[in-house]
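Visitor: fold the following for me, if possible:
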Amino acid sequence: MLALLTEGDSHGYEIKGHFEEAIGPQWGGLNIGHLYQILDRLVRDGFVTRSQVTQSDRPDKTLYRPTPAGQQEVREWATTAWVRTGGFRDELFLKLFGASTLGTGALDAFVEAQRRTYLSELAGLSRLRRTHTGDPLVCLLLDAAIAHTKADLGLIEGAADRLSPLAGTKSGQAGQEMPRERHERHERHERHESDEQSQDRTLREAGS
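Guide: Numbering: from 1, shown residues only. Next up, the predicted model:
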């Protein structure tokens, strides 16, 4: 918020518009109520001042401006490294654990459903990437989202094999697959290879 205000005095809806234009559609819309809560806190902490502007044909508007302390705060924030504070918690791993406890059938079903979800996300991100070639920051964020989703896809595609001993034990098979399950797993790997080839073509088109 402070970084947006360094570009000039703005009112709430201007800040919202500038943020959404700069960051791009993959981030999602900025809630205006939450935005005003942040602005109120910045005013209270001495990082921002606000002033009323009288308008004859519409309600008065409130303009926000960073203080010297606010300008220093945003400079320090923008030039120091980001450190992950929430760990690497991801519901994906909880769902993999849950599916494994139900046996190989449930694990395979979840892996296949999640794989198709990631492929759909990649297709959508690639379409967005093609429509924002003139926005460097948005392109960078989309490329990061594509790379992250490709990494998740690679992880989920190997999850069934890596967790099959656990799932097989839960199924009472002591980690051994039945012939039908081995055949289904082989068919799934063949589909993966076909989808990967299609995915690579899509990503090459997005980067061109």
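Visitor: need the contact list for Lys61.
Guide: His11, Gln52, Val53, Gln55 (Cβ atoms under 8 Å, 6 or more residues apart in numbering). (C-beta placed from N, C-alpha, C; glycine too.)
Visitor: so for those residues, which is the shakiest by pLDDT?
Guide: Minimum pLDDT for those is recorded at Gln55 (80).
Visitor: look up phi and psi at that residue.
Guide: Note on Gln55: its backbone torsions stand at phi -130, psi 130 [degrees, to the nearest 10].
Visitor: what's the closest non-adjacent residue to it?
Guide: Lys61 (6.4 Å; Cβ to Cβ, 6 or more residues apart in numbering).
Visitor: and for Leu137?
Guide: Going by Cβ to Cβ, 6+ apart, Leu137 has Ala22 as its nearest residue, at 6.2 Å.
Visitor: surely the one you found is within a strand?
Guide: No - using DSSP: H, G, I helix; E, B strand; the rest coil, the assignment for Ala22 is helix, not a strand.
Visitor: and the helix or strand hosting Asp108, how far out from the chain's middle?
Guide: For Asp108, the element it lies in under DSSP states H and E is helix 104-131. What separates the centre of helix 104-131 from the centre of its chain is 14 Å, taken as Cα atoms, centre = their mean, to the nearest Å.
Visitor: ditto for stretch 79-93
Guide: On the basis of Cα atoms, centre = their mean, stretch 79-93 sits 12 Å off its chain's mean C-alpha point.
Visitor: put the alpha carbons of it into PDB.
Guide: Extracted in PDB, the C-alpha atoms of stretch 79-93 (Å, rounded to 0.1, in the frame of the first residue of the first chain):
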ATOM      1  CA  THR A  79      15.000  -3.600  -0.100                       C
ATOM      2  CA  THR A  80      15.200  -6.400   2.500                       C
ATOM      3  CA  ALA A  81      14.900 -10.100   1.700                       C
ATOM      4  CA  TRP A  82      11.600 -11.800   2.100                       C
ATOM      5  CA  VAL A  83      11.700 -14.700   4.700                       C
ATOM      6  CA  ARG A  84       9.100 -17.400   4.800                       C
ATOM      7  CA  THR A  85       7.500 -17.300   8.200                       C
ATOM      8  CA  GLY A  86       4.600 -19.800   7.700                       C
ATOM      9  CA  GLY A  87       6.700 -22.900   7.000                       C
ATOM     10  CA  PHE A  88       5.900 -25.200   4.100                       C
ATOM     11  CA  ARG A  89       2.400 -26.200   5.200                       C
ATOM     12  CA  ASP A  90       0.200 -27.200   2.200                       C
ATOM     13  CA  GLU A  91      -3.200 -28.900   2.300                       C
ATOM     14  CA  LEU A  92      -2.100 -31.000  -0.600                       C
ATOM     15  CA  PHE A  93       0.100 -33.100   1.700                       C
END
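Visitor: show me the beta-bridge partners of Ser51.
Guide: Taking DSSP bridges, one obtains Leu63 as the residues bridged to Ser51.
Visitor: surely it touches Leu63?
Guide: Yes - between Ser51 and Leu63 there is a contact under Cβ atoms under 8 Å: 5.3 Å.
Visitor: sweet, I'm off.
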